[in-house]
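Q: After the sequence you'll find the predicted model.
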Amino acid sequence: MQTKQIKILKHSLDYSHSSRNEHLFFCPFCKHHKPKLSVNIDKNVFKCWVCDFRGKNIYYLVKRFASFEQQQEWLRITNQTDIRDFEVMFSGSYQQEKLKQKIDLPENYKPLFGATSYLYSQRPLNYLRKRGIDHKKILEWKIGYCDEGEYKNRIIIPSFDCEGDVNYFVSRAYDGSHKKYKNPPVSKDIVFNDLLIDWSRPVILVEGIFEACHELNMIPVLGSTLSEYSELFEKIVENQTPVYIAFDHDAHDKEMKLISNLLKYGLEVRKIKSPKEKDLRELTKKEYCEIKQNSECVKFEDLFELISI
């Protein structure tokens, strides 16, 4: 069986030679002049010793560089049914539970779109205007508020999964409360508003919910990090979606770690650099569009320069 697998890889990559259990190829990502991409069939792993591009499923390489017929042949001889570009370190039962996360909106949730009380909704509406969110975005995101109950005086921004069910929500105080955010006691490992994301187009990753109002296909990263085993990261890799990253200046280390991880999976990554005196949420739409248009692809060799900034 290994002979057939090696034959497929030879047709897909520039083959050099083998050494014991490892087969060496020229890396298609960093394009180093020596064969530094090591593929181990027995362990089903690959790694480039120059750019650190790696994976725990060789089928990723086949999926990316082989013909459709070769892909089908690989799946047949390895008994694989689908591409998993990295091993998800959870049990099947946990995976099933995670994918099915559904929650209810707060009992006192009231929509800020359509027919609503104009008198009582002025404070939350004024707050949203100050944060750059207009009526179009309010309708698109189904934003509401609570004027009583556990989430009293808070904006409620729901998240809908790909089937249209609520899987999370962000609640933000608009009355000056010292506790700005009060979110539901459920997992943050979701794709925020997956229902609205077009995975065939580039996505823009931002830190917070209010930064995600500039355009479509913006996704807030909930939490301090974005693990390689998170649902959002997995979905990006699965769809091979180009990524723009637009984090604030004080999240530089977090941004560099995410860029490095995305590059390891051969993704196209661009960094949106806002002026040093401004964060993304402070930019006008015109300023943001100009910066995004001028952003360049990040490569592994660029990371050393970016890390030192």
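A: Looks like it came in fine. Numbering: from 1, shown residues only.

Q: Backbone dihedrals for the nearest residue in space to E150 that is not next to it in sequence, please?
A: Taking CB to CB, 6 or more residues apart in numbering as the measure, E150 lies nearest to P106, with 6.5 Å between them; neighbours along the chain are not counted. Where C-beta positions appear, they are placed from N, C-alpha and C, glycine not excepted. The phi/psi pair for P106 (degrees, to the nearest 10) reads phi -50, psi 150.

Q: who touches P106 in this structure?
A: For P106, the contact set (CB atoms under 8 Å, 6 or more residues apart in numbering) comprises 146, 149-151, 156, 169, 171.

Q: could the residues you listed go into JSON lines alongside neighbour count and pLDDT?
A: Output for these, formatted as JSON lines (neighbours: other CB atoms under 10 Å; pLDDT from 0 to 100):
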{"residue": "C146", "neighbour count": "20", "pLDDT": "94"}
{"residue": "G149", "neighbour count": "11", "pLDDT": "94"}
{"residue": "E150", "neighbour count": "11", "pLDDT": "94"}
{"residue": "Y151", "neighbour count": "24", "pLDDT": "95"}
{"residue": "I156", "neighbour count": "22", "pLDDT": "96"}
{"residue": "F169", "neighbour count": "25", "pLDDT": "96"}
{"residue": "S171", "neighbour count": "21", "pLDDT": "96"}
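
Q: Mind checking which of the residues you listed are in strands?
A: When those are checked against strands (DSSP state E), the matches are 146, 156, 169, 171.

Q: gap between the first one and T241?
A: Between C146 and T241 the distance is 34 Å, computed by CB to CB, to the nearest Å.

Q: What of Q101?
A: With distances taken as CB to CB, Q101 is found 22 Å from T241.

Q: And for A66?
A: With CB to CB as the criterion, A66 and T241 are 20 Å apart.

Q: now the strands for the stretch 51-200 of the chain?
A: Read by DSSP state E, counting those that start in this stretch, the stretch 51-200 of the chain holds these strands, from start to end of the chain: 54-55, 110-111, 144-146, 154-160, 166-173.

Q: So for K36, which of those strands sits nearest?
A: strand 54-55 (11.6 Å; CB to CB).

Q: What strands flank that closest one, and is each parallel or antiparallel?
A: Strand 54-55 sits in its sheet next to strand 45-48 (antiparallel), going by DSSP bridges.

Q: Please export the C-alpha coordinates of the partner strand as PDB.
A: Extracted as PDB, the C-alpha positions of strand 45-48 are listed here (Å, rounded to 0.1, in the frame of the first residue of the first chain):
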ATOM      1  CA  VAL A  45       2.700  13.100   9.300                       C
ATOM      2  CA  PHE A  46       4.700  15.600   7.300                       C
ATOM      3  CA  LYS A  47       7.000  18.500   8.200                       C
ATOM      4  CA  CYS A  48       9.300  21.000   6.400                       C
END
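
Q: Show me what that strand is in contact with.
A: Contacts of strand 45-48 from elsewhere in the structure, counted by CB under 8 Å, 6+ apart, are 27, 29-30, 32, 36-40, 53-56, 58, 60-61.

Q: Among those residues, show me the least confident.
A: Within the contacts of strand 45-48, pLDDT reaches its minimum at K56, with 68.
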